[in-house]
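Enquirer: model the following, please.
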Amino acid sequence: MDVVRFLLDYWRGIKPEEARRVRILTVTVLVLGALAGILNTTLLALINDIINTTGELNRKYIWIFLVLMTILPISKFFSETTVNSLFLPAFSDLMYGFMRKFMTLPYQQIERDGTDRYHAILNVDLRAIYNGVRAMVFATLYGTIIASCLAYLGWLSLPVFGFTLVFLVVGISTYNIAIAKGNYHLGLARNDFGKQIKYFRSIVSGINEFKLHRSRRVSFFNKMVEPAFESMTRHTLEGNKKYAIGQSLINILYFALMGCILFGSLYALDVERSVISGYALAVFFILGPLGHFLNFVNVIFQSNVSIRKLREVSFDLANVDTEKFYEDMPPLPAFEEIRVKDLFFHYGEREEAAGPHGFSMGPFDFSIRPGEVVIVSGGNGSGKTTFAKVLCGLYDPVSGDMYYNNILIDDDKRDQYRQTFSAVFVDFHLFEQLLGMDDIVDLDEKAQKYLEELQIAHKLTIKDGHLSTVDLSQGQRKRLALVVAFLEDRPVYIFDEWTTHQDPMLRAFFYEKILPSLKKRGKAVLVISHDEKFFLSGDRIVRLELGQKVLDVQTDSLKNTDKHLLEQSAP
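Expert: Down below sits the predicted model:
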């Protein structure tokens, strides 16, 4: 069973001291489960003896009943709390470890696979796995109670126990068939639910297009959203119907069994009435634990699907070294130069999917030094952002060498190398607090100064590193991202079409004030831009076309007679 293998794999991977704690708690749960089964059976036998006792009732029954009444609730309480103590930390470790490992995945892989599958695992499957593991323990506990009751039935009468066992086997098998069909339909409903989450994201991100285009939004709902909802509703109803059928079959078999015990045992097997009353009482008593047992088994089966989905992505996460990724590492030496030689990159599977004409970049050489501003231009799809992401270490080059000063950047040094850069890409993200800046003196005051320079101090405040809001226009969000980059104070800056969504005054301010200020501070700056009017603000102009470097020129070498070079560099 997938749940058992999952638990064994987890326990083999935890630390020795934690393993000892888990073993102790596991043994405790099993002992408490066995104790509960024995005590419940003892209570059942006591009740049957009291019912069939003639004459004056022995007072010992009262004391035994009081003891059982005290011990049973206490053992149940400790069973449930021990199960939570056993598996809730494991569930937290699983979610925490999954998030840590996800962050260490290669950037290209995350872009290629998308995040929907990882969202589903984090939000749905890990919770289902936790419920399945808990269900396995509680199924074991209730199974112990059922086994003890069956042992008591066998002790009362083997013939009656025989056909009782046949009824139980037939009932459980029939129930499982119905539940398996129900799980199939609920699995399809879950897939439809995932589609709805995806469609809602489309609504949020495409709200402008939907509001401006009536036929588009009508078509979107008619062709995509509505069929998904109808399918989810249909499969959910069908799944619940199968569940109800399974439960009804159990009830029918229960009443049939009760009838056979009451009438068949009395007339066909000539069983004593005291035995019949004990059987009727035991079967009535066993119905509750049996229902719980079957429900928990169903939860286990559902969790098996989630475990298989987790294993699918675990192949991606298996070789990730999270400790190395998060450990403190010494910074690289002071920045003197970044240099790449014969740099070549392509999108791997994306290129194969696109055929022989898939996008590639390079090979070409490039370098950048402190105090140098490089303008990267080119048409859409020319490879400007791809080049920037390879340069800063987000993408791994297919071939070619990258040097920081004279240090060759390989896989072991790539994360250290990334810490050299502050970047504002087109798809940037804003956090609600200034993370990783605890060592900056007067952080709030410095941030406020930058907010005022970029004319957004009236839109938000920063207190103790927390931003009062990130709910801003796109242009204001870009300015706030620039503030964060300034506070990071890294040696190299990358700005990917930052001036888009900015008004003409701020656009001029960026080229005429911000870039010279960064240059004066000895920062190397890579600016991806279509603003040919401001190209002379850089020290160099690099132009890319279809992933190839077709121009790399110093701007101070340009004369009035060389304007055709600027025209070439303009998209």
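Enquirer: for this protein, which spans come out with low pLDDT?
Expert: 1-4, 6-19, 22, 52-57, 114, 116, 264-274, 313-327, 348-358, 558-571 (pLDDT under 70).
Enquirer: nearest residue to the middle of it?
Expert: In the chain, the centroid-proximal residue (CA atoms, centre = their mean) is residue 122; its distance is 2.6 Å.
Enquirer: got phi/psi on it?
Expert: Backbone torsions of residue 122, given as degrees, to the nearest 10, read phi -70, psi -40.
Enquirer: wait, doesn't it sit right on residue 101?
Expert: No: with contacts counted by CB atoms under 8 Å, residue 122 stays clear of residue 101, the gap being 11.4 Å. C-beta coordinates here come from the backbone N, C-alpha and C atoms, glycine included.
Enquirer: ok so, going back, and the residue nearest to the centre of the chain, what does it touch?
Expert: Residues near residue 122 by CB atoms under 8 Å, 6 or more residues apart in numbering: 95, 98, 99.
Enquirer: recalculate using a threshold of 10 Å.
Expert: Contact analysis of residue 122 by CB atoms under 10 Å, 6 or more residues apart in numbering lists 95, 98, 99, 102, 115.
Enquirer: selection in ChimeraX covering whichever of those are buried, please.
Expert: Applied in ChimeraX, the following selects the buried portion of the contacts of residue 122 according to 16 or more other CB atoms under 10 Å:
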select :98,102
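Enquirer: for the contacts of residue 122, which one is nearest residue 434?
Expert: Proximity of the contacts of residue 122 to residue 434 (CB to CB) peaks at residue 99, which lies at 20.7 Å.
Enquirer: please name the nearest non-neighbouring residue to that closest one.
Expert: residue 122 (7.2 Å; CB to CB, 6 or more residues apart in numbering).
Enquirer: what's the burial count for the residue lying closest to residue 290 once chain neighbours are set aside?
Expert: Nearest residue to residue 290, sequence neighbours excluded (CB to CB, 6+ apart): residue 146, at 6.1 Å. Neighbour count for residue 146, taken as other CB atoms under 10 Å: 19.
Enquirer: could you shift the numbering so residue one becomes 675, and keep it that way?
Expert: Done: numbering now begins at 675, and the last item shifts to residue 820.
Enquirer: what about residue 820, which SS state?
Expert: The assignment at residue 820 comes out as helix when based on DSSP: H, G, I helix; E, B strand; the rest coil.
Enquirer: what distance do you get for it to residue 1008?
Expert: 72 Å (CB to CB, to the nearest Å).
Enquirer: quick one, strands of the chain?
Expert: 1012-1020, 1034-1042, 1047-1051, 1073-1078, 1081-1082, 1095-1098, 1136-1137, 1140-1141, 1166-1170, 1198-1202, 1214-1219, 1222-1228 (DSSP state E).
Enquirer: now the angle from the second one to strand 1073-1078?
Expert: Computed with axes from the mean of the first three to the mean of the last three CA atoms, to 10 degrees, the direction of strand 1034-1042 lies at 20 degrees from that of strand 1073-1078.
Enquirer: got the angle for strand 1034-1042 vs strand 1222-1228?
Expert: Going by the same axes, to 10 degrees, strand 1034-1042 makes 20 degrees with strand 1222-1228.
Enquirer: buried sites along strand 1034-1042?
Expert: Result for strand 1034-1042 [16+ other CB under 10 Å]: buried residues 1034, 1035, 1036, 1037, 1038, 1040, 1042.
Enquirer: so what's the first one up against?
Expert: When contacts are counted by CB under 10 Å, 6+ apart, residue 1034 is found next to 1018, 1019, 1020, 1021, 1025, 1057, 1060, 1072, 1220, 1221, 1222.
Enquirer: a markdown table please, covering these and showing distance to residue 1127 and neighbour count.
Expert: Formatted as a markdown table, the contacts of residue 1034 follow (distance: CB to CB, whole Å; neighbours: other CB atoms under 10 Å):
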| residue | distance to residue 1127 | neighbour count |
| --- | --- | --- |
| 1018 | 40 | 16 |
| 1019 | 36 | 23 |
| 1020 | 40 | 17 |
| 1021 | 38 | 19 |
| 1025 | 43 | 14 |
| 1057 | 32 | 22 |
| 1060 | 31 | 21 |
| 1072 | 41 | 16 |
| 1220 | 38 | 13 |
| 1221 | 36 | 21 |
| 1222 | 38 | 15 |
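Enquirer: what helices or strands is the helix ranked longest in the chain leaning on?
Expert: Across the chain, the longest stretch assigned as helix under DSSP state H is helix 832-879. For helix 832-879, the packing partners by 3 or more CB pairs under 10 Å, 6 or more residues apart in numbering; DSSP states H and E come out as helix 790-794, helix 800-830, helix 881-886, helix 888-894, helix 900-933, helix 939-941, helix 947-991.
Enquirer: now the residue lying closest to residue 1088 once chain neighbours are set aside: how far from residue 966?
Expert: Residue nearest to residue 1088 in three dimensions, not counting chain neighbours: residue 1067, with 5.1 Å by CB to CB, 6+ apart. From residue 1067 across to residue 966, the span is 54 Å (CB to CB).
Enquirer: then residue 875?
Expert: Taking CB to CB, one finds residue 875 at 39 Å from residue 966.
Enquirer: more crowded one of these two?
Expert: residue 966 (18 against 12).
Enquirer: touching, the more buried one and residue 815? I think so.
Expert: Yes: contact criterion CB atoms under 10 Å: residue 966 and residue 815 qualify, at 8.9 Å.
Enquirer: what sits against residue 1162?
Expert: Contacts of residue 1162 (CB under 10 Å, 6+ apart): 1093, 1095, 1096, 1097, 1108, 1110, 1111, 1114.
Enquirer: sorry, back to before: let's see which of the contacts of residue 796 end up in helices.
Expert: Those of these lying in helices (DSSP H): 769, 772, 773, 776.
Enquirer: most widely separated two among these?
Expert: Pairwise over these, using CB to CB, the maximum falls at 769 and 776, 10.7 Å.
Enquirer: for these two, list the residues in contact with both.
Expert: 795, 796.
Enquirer: one step back: state the distance from the residue nearest to residue 773 to residue 768.
Expert: For residue 796 relative to residue 768 (CB to CB), the value is 10 Å.
Enquirer: so what are the domain limits for the protein?
Expert: Listed by automatic domain parsing, the domain ranges of the chain are 675-827, 1012-1243.
Enquirer: could you dump these into a markdown table with distance to residue 983 added?
Expert: Listed next are these as a markdown table, based on distance: least, CB to CB, whole Å:
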| stretch | distance to residue 983 |
| --- | --- |
| domain 675-827 | 5 |
| domain 1012-1243 | 21 |
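Enquirer: for residue 933, which of these is the nearest?
Expert: Proximity to residue 933 (CB to CB) singles out domain 675-827 among the domains of the chain, at 16.5 Å.
Enquirer: how distant is the closest one from the center of its chain?
Expert: Relative to its parent chain, domain 675-827 has a centroid offset of 24 Å by CA atoms, centre = their mean, to the nearest Å.
Enquirer: same check, this time on stretch 874-882
Expert: Distance, centroid of stretch 874-882 to centroid of chain: 22 Å (CA atoms, centre = their mean).
Enquirer: also stretch 1178-1189?
Expert: Distance, centroid of stretch 1178-1189 to centroid of chain: 40 Å (CA atoms, centre = their mean).
Enquirer: so which bits of it are buried?
Expert: Buried-residue list, stretch 1178-1189, by 16+ other CB under 10 Å: 1180, 1181, 1182, 1183, 1184, 1185, 1188, 1189.
Enquirer: then stretch 785-795?
Expert: 792, 794, 795.
Enquirer: which among the residues you listed gets closest to residue 913?
Expert: residue 794 (18.5 Å).
Enquirer: report the contact partners of the closest one.
Expert: With CB under 10 Å, 6+ apart, residue 794 has these contacts: 800, 864, 865, 867, 868, 871, 872, 980, 983, 987.
Enquirer: now swap in residue 734 and tell me
Expert: residue 720.
Enquirer: re the thing from before, quick check: the farthest pair among the buried residues of stretch 1178-1189?
Expert: 1180 and 1189 (12.9 Å).
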